[in-house]
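In: A structural model of the following input is requested.
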Amino acid sequence: MHQQLVERTPAWSTPLLDHLSDRDRHLVQHYGQGLATALPETHIHHAIERHAATHPDTVAAEHLGDTITYGELDRQANRLAVHLADLGVRPGDNVAVFVRRGIPMLVGILAALKAGAAYVPQDVGLAPPTHLRHVVHAASTRVILTVSTATDRIPVPAGHHLVAVDTVMSPPLGHSPDRFVPAERPTRTGDNCYVLFTSGTTGRPNGVVVTHRNVCNILLTAPGDLGIRPGWRVGQILNVAFDMAAWEILGCLSHGATLVIRGQDVATVAQRVDALIATPTILSGLDPDRCEQLKVVAVAGEPCPRPLADRWARRCAFYNACGPTETTIVNTMHRHDVNAARLTIGRPTPNNTVYVLDPAGRPCAIGEVGEMWAGGDCVSAGYLGNPALNAERYAPDPFLGGGRLMFRTRDLGRWTLDGQLEHLGRTDDQVKIRGFRVELDSVSAVLESMPGCRRAATFKLDDRSLVSFVAPRHIDPETAKQAVASALPYYCVPTAIYPMAALPETSRGKIDKAALLRLATSEQWEQAA
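Out: Got it, this is the predicted structure:
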């Protein structure tokens, strides 16, 4: 179904723009608003059901030799949704989906959505029982979906039902329902789709509530749909608890393509698919010359090195995107051109807005650095049970008005003259060294621009010194220091640069900065590096 484009959002009417020149007032509004676009569906699983009805024999997913068609996926999910309803799941509830990667994972997700519930995903091979217990308690679930090989790893509180999805799928289908309609009330546009828990690297993990409208808005419009269509194969390589996995899974199935779920080897999948979604860290370990089938790649989750973007943009359509979980996967995207003067994160996706604000909450002039706030349909429903954090990170949107909210991303950025957003790191990655402000990501970016350097990470050791880690191991530290000294002021040059075979990764495929910082501040860090 083709999306319908309508007029842009009306001009902002707020005194917060009064300090800008007429030119900048016009440009920050023009650049800061994505196209207003009508959505073809109100709920993401309705798009999947449509493909099941029209092309039931198309393979929806494959995993290690097993396959499932759209028709079978829909029937199995209907059967499980009936079982969920029998166990008391009602529209508006949350259903835990604690699984390992595979086809039952998809059945569990789709069944929860059909039942009118939001799914709460975790990979039981990665999440410890203490974290699973926290998620169950915070999300107030009553049913936990899993797989039979993982039941012994899952803490089951009193009053909860543990259901092995693969066991429910085992018997012949018989007279399973062709369609499942949730009880008590019809689904609504604002219904919750999933609850994702932050990684907890800065404290206790928080559950972020994301609605169907949020999800449909990014997955069913361009460029977030990535051009995925029937006949394409889409890689599923990411942790199901990571919001970018929803981009892979729901983005593929809502467009009638085939989801290729990986085993242990990411590279094998990357070489057999048309579309790949990854973090820059994961992508840096793949060879684009061996991925001849790829038509489109999208990265997000952490800053992307320019050489990495250039390398993949020569192979296929390459999108650099940005957005935290709270703004629904990504809220800005840009197709990178190797001939472009800079690598940017583009402009807001449809029905979304981006504001680059100064400390007083006023839009910055074009070219000025400020903190990025996100508005529009990407803004999620907030944190579960944490009103204090909601008040800190979500605020009434004075530009759109009408009771809308905007979200504080804590990312720094600026508008270029031609209307592109430059991502300039995190507010918490700005440090003072010898009294000067240093952006840690800018140091790492210089290192990553060196020939042969795949990834880099930089940290503040004390008020006078920085330290960097680079990969791979053959990078020469003195050459690396000279590269930074040639590009940045003297106080940005790391005191030490330590090569490693590969930088450690989190379970979500990002550089594990916490692990590197512990290494950097330990007495044995030099020997360990």
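
In: where do the strands sit along the stretch 1-150 of the chain?
Out: 4-5, 37-38, 59-63, 66-69, 94-99, 118-123, 143-146 (DSSP state E, counting those that start in this stretch).

In: and those strands, which one's lowest on average pLDDT?
Out: Per-stretch mean pLDDT for the strands of the stretch 1-150 of the chain is lowest at strand 4-5 (a mean of 44).

In: A139: how many residues sit nearby?
Out: 21 (other CB atoms under 10 Å). For the C-beta atoms, the positions are set from N, CA and C on the backbone; glycine is no exception.

In: before we move on, the earlier item: select, out of the strands of the stretch 1-150 of the chain, the one closest to D310.
Out: D310 lies closest to strand 37-38 among the strands of the stretch 1-150 of the chain, at 30.2 Å (CB to CB).

In: Give the other helices and strands that the closest one contacts.
Out: Using 3 or more CB pairs under 8 Å, 6 or more residues apart in numbering; DSSP states H and E, the elements in contact with strand 37-38 are strand 4-5.

In: Got the domain ranges for this structure?
Out: The record assigns the chain these domain ranges, following automatic domain parsing: 4-33+351-425, 434-528.

In: what's the closest of the ones you listed to G65?
Out: Distance to G65, taken as CB to CB, is lowest for domain 434-528 among those, at 24.5 Å.

In: what's the model's confidence in the closest one, averaged?
Out: Mean pLDDT, domain 434-528: 89.

In: Quick one: distance of it to the chain centre.
Out: In terms of CA atoms, centre = their mean, to the nearest Å, the centre of domain 434-528 is found 25 Å from the chain centre.

In: Next: stretch 217-235.
Out: 15 Å.

In: same thing with stretch 360-375?
Out: 23 Å.

In: what's stretch 21-36 in contact with?
Out: Identification of contacts with stretch 21-36 by CB atoms under 8 Å, 6 or more residues apart in numbering yields 5-9, 11-12, 17, 20, 347-356, 363-366, 376, 415, 419, 421.

In: When you filter these down to buried only, what's left?
Out: Among the contacts of stretch 21-36, those classed as buried by 16 or more other CB atoms under 10 Å are 9, 12, 17, 20, 347-356, 363-366, 376, 415, 421.

In: Now render the strands of the stretch 1-150 of the chain as JSON lines, adding distance to G190.
Out: As requested, the strands of the stretch 1-150 of the chain are exported to JSON lines (distance: least, CB to CB, whole Å):
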{"stretch": "strand 4-5", "distance to G190": "21"}
{"stretch": "strand 37-38", "distance to G190": "17"}
{"stretch": "strand 59-63", "distance to G190": "27"}
{"stretch": "strand 66-69", "distance to G190": "30"}
{"stretch": "strand 94-99", "distance to G190": "15"}
{"stretch": "strand 118-123", "distance to G190": "12"}
{"stretch": "strand 143-146", "distance to G190": "22"}
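
In: Of all the ones you listed, which one is nearest I218?
Out: Of the strands of the stretch 1-150 of the chain, nearest to I218 by CB to CB is strand 37-38, at 11.0 Å.

In: Point out the other helices and strands that the top helix by length along the chain packs with.
Out: Ordering each helix of the chain by length in residues (DSSP state H) puts helix 70-86 first. Here helix 70-86 touches helix 44-54, strand 59-63, helix 103-114, strand 161-164, helix 165-169, going by 3+ CB pairs under 8 Å, 6+ apart.

In: Buried residues in the shortest one, which are they?
Out: The reference is to strand 161-164. Buried residues in strand 161-164 (16+ other CB under 10 Å): H161, V163, A164.

In: outside of it, which residues touch it?
Out: 80, 83-84, 87, 142-148, 151, 154, 156.

In: Farthest-apart pair in those, please.
Out: Applying CB to CB across those, the maximum distance is between R142 and S148, 20.3 Å.

In: Settle it for me: which of these two has more neighbours?
Out: Using other CB under 10 Å as the criterion, R142 and S148 rank with R142 on top: 20 against 12.

In: Quick check, pLDDT for the more buried one.
Out: Confidence score, pLDDT, at R142: 95.

In: Likewise for L226?
Out: L226 is given a pLDDT of 98.

In: List the contacts of it.
Out: Counted by CB under 8 Å, 6+ apart, L226 has contacts G251, A275, I277, V296, A298, Y319.

In: Tell me the secondary structure at it.
Out: coil (DSSP: H, G, I helix; E, B strand; the rest coil).

In: where does A317 fall, phi/psi-wise?
Out: With angles defined as degrees, to the nearest 10, A317 sits at phi -70, psi 120.

In: Count the neighbours of it for me.
Out: Number of residues near A317 (other CB under 10 Å) recorded here: 17.

In: oh, and call the first residue 864 from now on, that's how I've got it
Out: Fine by me, first position is 864 from now on; the one you just mentioned is A1180.
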